[in-house]
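K.L.:
Okay, predicted coordinates and the sequence, questions at the end:
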Amino acid sequence: MRPLLVAVLALALVPGASARNPSPCSLLSNDEVAAAFSSKVDGRAPGMTGLAHSCTWTGPPLSFSSERASLQLSVVPEPEAPFLTFERETNGQPVHGVGEAAIWIQKLQMLSAWDRGYTINITIFGPYVPAPLSAARTLAKAALTHV
């Protein structure tokens, strides 16, 4: 009972957060993701990443390989303090102009951003996504407008 009470109180104290977790697949269009891939999107599928709701977009197979570019977006209600701790401890590159706080973690090809009580993570997988940081930044800004 106590963990539930703590979770409810945490959500009540976070401005803009609610018990509702936005659907990640509704935060970006296939066209927005295709622009980041510089190719079309072959698929989009909802899922879970740990405890977070996620959505994964996949591009077509490369002409010379079975590999595909893919992008995963996860979103979770979260107070600012845990995000800032994560930001300090990961030693990522600060990204300005995306939410209230954001970092790029190069080795994971992941942009993590916090804004108005939500953390979103955009991870780019696979080869040949031109300028992954720029693509993730553009997509994160677009996704945050819908949270």
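P.N.:
Great, that's in hand. Numbers count the residues shown, from 1 in each chain.
K.L.:
Can you name the residues bridging to the closest residue to residue 76 other than its chain neighbours?
P.N.:
In space, and not counting its chain neighbours, residue 76 is closest to residue 52: 4.2 Å by Cβ to Cβ, 6 or more residues apart in numbering. Any C-beta I mention is one placed from the backbone N, CA and C, and that applies to glycine too. Assessed by DSSP bridges, residue 52 has beta-bridge partners residue 49.
K.L.:
Now do the contacts for residue 52.
P.N.:
Neighbouring residues of residue 52 by Cβ atoms under 8 Å, 6 or more residues apart in numbering: 74, 75, 76, 121.
K.L.:
Surely the third one is in contact with residue 51?
P.N.:
Yes - with contacts defined as Cβ atoms under 8 Å, residue 76 counts as touching residue 51 at a distance of 7.0 Å.
K.L.:
Who has more neighbours out of these two?
P.N.:
Shown here are residue 76 and residue 51; by other Cβ atoms under 10 Å, residue 76 has more neighbours (19 against 8).
K.L.:
partners of the more buried one in the sheet?
P.N.:
residue 119.
K.L.:
Who are the contact partners of the residue most central in space within the chain?
P.N.:
For the chain, the residue nearest the mean C-alpha position is residue 121 (2.5 Å; Cα atoms, centre = their mean). Contacts of residue 121 were listed using Cβ under 8 Å, 6+ apart, and they are 49, 52, 72, 73, 74, 75, 110, 111, 112, 113.
K.L.:
Can you tell me which of those residues is closest to residue 29?
P.N.:
Nearest to residue 29 out of the contacts of residue 121 is residue 73 (Cβ to Cβ; 11.9 Å).
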